[in-house]
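**Student:** Got a predicted structure here, sequence first:
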Amino acid sequence: MFATRALRQATAHAAERTPLIRFIGKRDIPSNIDHTPHPHPASPTGSLPANFGNTHSHTSFSSYRDSAQQHGPLRKSLGSIPASRLGPVEAPKGQYFDRNELPARFRRTPLSLAEIEAIETGGATLTR
């Protein structure tokens, strides 16, 4: 009974309701803006790259990949080079691949059985 009255009041007020967001119309791209490429103001050279804008510099993705760089040249693919030609696998002097290769003073100390038990039970078995 009360729900019906509440619904009638809601529909009566819905016709009077105005949204808080107002849309100002369709957006248009201004025609007076220059869209030609130009160097970034903070660029060290102050000029665009030599082949910038040349759409025919790369005819395929593989030709682009041959000249692209990402943390070094991308030309080398590991599958095409035998592992024996990649160089030594030993770490340089002063660097280590594994924590167990470090001197004893830098290694982790092993956990005792009491510490393992305290961790597994959340400290409930600790005695003072």
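**Tutor:** Perfect, I can see it now.
**Student:** Distance-wise, check residue 16 relative to residue 3.
**Tutor:** 21 Å (C-beta to C-beta, to the nearest Å). Bear in mind the C-beta positions are built from the backbone N, C-alpha and C, glycine included.
**Student:** Residue 100 - that's part of a helix, no?
**Tutor:** Yes - under DSSP: H, G, I helix; E, B strand; the rest coil, residue 100 sits within a helix.
**Student:** show me what contacts it?
**Tutor:** Applying C-beta atoms under 8 Å, 6 or more residues apart in numbering, we find residue 100 in contact with residue 107.
**Student:** Below-threshold pLDDT in the chain: ranges please.
**Tutor:** 1-2, 14-15, 53-59, 66-80, 83, 127-128 (pLDDT under 70).
**Student:** 80 instead, please
**Tutor:** Residue ranges of the chain with pLDDT under 80: 1-4, 6-19, 29-30, 35, 48-89, 123-128.
**Student:** That one: strands as residue ranges?
**Tutor:** Counting by DSSP state E, the chain has no strands at all.
**Student:** Identify the residues contacting residue 43.
**Tutor:** Residue 43 neighbours (C-beta under 8 Å, 6+ apart): none.
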